[in-house]
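**Student:** sequence and computational prediction follow.
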Amino acid sequence: MKHLLLRWLASTLALLVVTELIPGIVVRGSHRILTLLLTTAVLGLVNAFIRPIIMFFVWPINCLTFGLMGFVVNVLMFQLTDWLVPDFEIKSLMAAVIGALAMGILSGLFNLVLFEKKRD
């Protein structure tokens, strides 16, 4: 449970950085931190439940494009999150592409730093 909470907070931090750096991704409302936490939770649920179903159906295309279709699905999941969370807005397709890429890289880096296993 502790790892899940830490991963959620790391993803929220990554989303905060993405919303600050990419002009086309905006978090509106007076409760910005709560919106970021909600958006991260929704993105996690979308990636856990909807993404595997879509990836199952596009796996032949994913194989032919050497995994590029997986990135397209990530962008679509990011835009679906925009549609599901009222105070989270992605203004353009290019912002969604850059945001999904940045979100993946930053989340991976933050999780790597938090959960790096020490080698003796």
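**Tutor:** Received the coordinates, thanks.

**Student:** does anything pack onto the helix or strand where Val75 lies? Which helices or strands?
**Tutor:** Taking DSSP states H and E as the definition, Val75 sits inside helix 68-84. Secondary-structure packing of helix 68-84 (3 or more C-beta pairs under 8 Å, 6 or more residues apart in numbering; DSSP states H and E): helix 32-49, helix 51-64, strand 88-90, helix 93-115. Backbone N, C-alpha and C define where each C-beta goes, glycine included.

**Student:** most tightly surrounded among these?
**Tutor:** Among the helices and strands packed on helix 68-84, ranked by average contacts under mean count of other C-beta atoms under 10 Å, first place goes to strand 88-90 (a mean of 20).

**Student:** could you dump the helices and strands packed on helix 68-84 into TSV and include mean pLDDT and distance to Leu15?
**Tutor:** Listed next are the helices and strands packed on helix 68-84 as TSV, based on pLDDT from 0 to 100; distance: least, C-beta to C-beta, whole Å:
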stretch	mean pLDDT	distance to Leu15
helix 32-49	96	5
helix 51-64	96	17
strand 88-90	97	9
helix 93-115	94	6
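
**Student:** in a markdown table: the ones you listed, plus distance to Val18.
**Tutor:** Listed next are these as a markdown table, based on distance: least, C-beta to C-beta, whole Å:
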| stretch | distance to Val18 |
| --- | --- |
| helix 32-49 | 10 |
| helix 51-64 | 18 |
| strand 88-90 | 10 |
| helix 93-115 | 5 |
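
**Student:** how about these, which one is nearest Asn74?
**Tutor:** helix 93-115 (4.8 Å; C-beta to C-beta).

**Student:** ok, back up a step: quick one, the helix holding Val75 and helix 93-115 angle?
**Tutor:** When axes from the mean of the first three to the mean of the last three C-alpha atoms, to 10 degrees is applied, the directions of helix 68-84 and helix 93-115 differ by 100 degrees.

**Student:** what residues sit buried inside helix 68-84?
**Tutor:** Within helix 68-84, the residues that qualify as buried by neighbour count (16 or more other C-beta atoms under 10 Å) are 69-70, 72-82.

**Student:** now swap in stretch 16-26 and tell me
**Tutor:** Residues of stretch 16-26 classed as buried: 16, 18-19, 22, 24-25 (neighbour count, 16+ other C-beta under 10 Å).
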